[in-house]
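**Q** sequence? don't have it. structure:
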Ligand SMILES: Nc1ncnc2c1ncn2[C@@H]1O[C@H](COP(=O)(O)OP(=O)(O)OP(=O)(O)O)[C@@H](O)[C@H]1O
């Protein structure tokens, strides 16, 4: 069975960086192959993983909608779309990546989201792990494989707004009736002492912190130099915290991990 890990939280709190460091952990632990999914139209999971994705689900669908696809004789439009979607998989030795990207024009992501979901349903049996970076709203995680997530990681930075967004997402998960097996609240860029206001907000919402990832200048430097976070050194503070967090998370499903 594939173990699915999904990230959520307010924009800019570090979801993408943490997703990359989780992929790094899985690769180092040889828990491969990993399917990385960038389901946030505003995220750049590819850059964090040190690759550059040009073909996204959004860009393929834009061509499909505008009838830009030349359909070979004897092939259905759906079969051609499937073929094109397969071309959007970025393959590397240890992980594959699919990216939702932006559709053309403003507005609704319902169609790309639905296509992404059924695409994931098809791909998932080929992987040991799926790591999915999401936008704050989780509406797209309903129906199909993505309805049931093994580990939902709710990321907040050290701000009252970040914590409130986590509270809102917890509510949303209930309303959407998503089947989340384990939920973890991650405090990113955590200082040594948590500000009493931030702590009070966690307390008010009845949320306990599952793991804290410290502020690590190296993450910013890698970002600045567009270096892959997969190459972060094992002794850096953030990597050590992520590795510890992942050991704790995966201890919840040892049988699947060893199978
Ligand atoms: N623990 C950390 N220490 C230092 N800098 C960090 C840390 N985590 C993330 N950052 C920096 O914070 C910024 C935002 O991080 P990131 O892009 O991962 O957030 P995000 O939640 O995915 O944002 P978005 O939703 O907008 O894509 C980046 O510049 C990143 O380098």
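**A** Thanks, I have the structure now. Predicted, not measured: the structure shown is a model, and the values here were computed from it.

**Q** how about the residues of this structure by the ligand?
**A** Proximity of the chain to the ligand, by C-beta under 6 Å from any ligand atom, involves residues 11-17, 40, 42-43, 188-189, 213, 215-216, 219-220, 223, 238. For glycine as for every other residue, the C-beta is placed from the backbone atoms N, C-alpha and C.

**Q** among those residues, name the ones in strands.
**A** With strands taken from DSSP state E, the overlap with these comprises 188-189, 213.

**Q** which residues are in contact with the residue of the stretch 101-250 of the chain found nearest the ligand?
**A** Going by C-beta to the nearest ligand atom, the ligand is nearest to residue 223 of the stretch 101-250 of the chain, at 3.6 Å. Residue 223 makes contacts with 17, 48, as judged by C-beta atoms under 8 Å, 6 or more residues apart in numbering.

**Q** pull up the gap between it and residue 21, please.
**A** 12 Å (C-beta to C-beta, to the nearest Å).

**Q** over to residue 244?
**A** Between residue 244 and residue 21 the computed distance is 12 Å (C-beta to C-beta).

**Q** go on, residue 130?
**A** Separation of residue 130 from residue 21 (C-beta to C-beta) stands at 16 Å.

**Q** could you pull out the strands in the stretch 1-150 of the chain for me?
**A** With strands called from DSSP state E, counting those that start in this stretch, the stretch 1-150 of the chain shows them at 3-9, 34-38, 90-91, 95-99, 129-133, 148-156.

**Q** quick one: which of residue 130 and residue 21 has more around it?
**A** Remark: of residue 130 and residue 21, residue 21 carries more neighbours, 26 against 22, as counted by other C-beta atoms under 10 Å.

**Q** element containing the closest residue to the more buried one other than its chain neighbours?
**A** Of all residues not flanking residue 21 in the chain, residue 242 sits nearest, at 4.3 Å (C-beta to C-beta, 6 or more residues apart in numbering). Secondary structure from DSSP states H and E places residue 242 in helix 237-250.

**Q** how big is the angle separating that helix from strand 129-133?
**A** Computed by axes from the mean of the first three to the mean of the last three C-alpha atoms, to 10 degrees, the angle separating helix 237-250 from strand 129-133 equals 120 degrees.

**Q** give me the contacts around helix 237-250.
**A** So helix 237-250 is contacted by 3, 5, 17-18, 21-22, 24-26, 29, 151, 182, 184, 186, 210-214, 216, 218-219, 232-234, 257 (C-beta under 8 Å, 6+ apart).

**Q** which positions in that helix come out as buried?
**A** 238-239, 241-243, 245-246, 249-250 (16 or more other C-beta atoms under 10 Å).

**Q** centre of the chain to stretch 170-177, how far?
**A** Put simply, stretch 170-177 sits 18 Å off its chain's centre (C-alpha atoms, centre = their mean, to the nearest Å).

**Q** I'd like the numbering to begin with 459 instead of 1 from here.
**A** In the new count, where the first residue is 459, that last one comes out as stretch 628-635.
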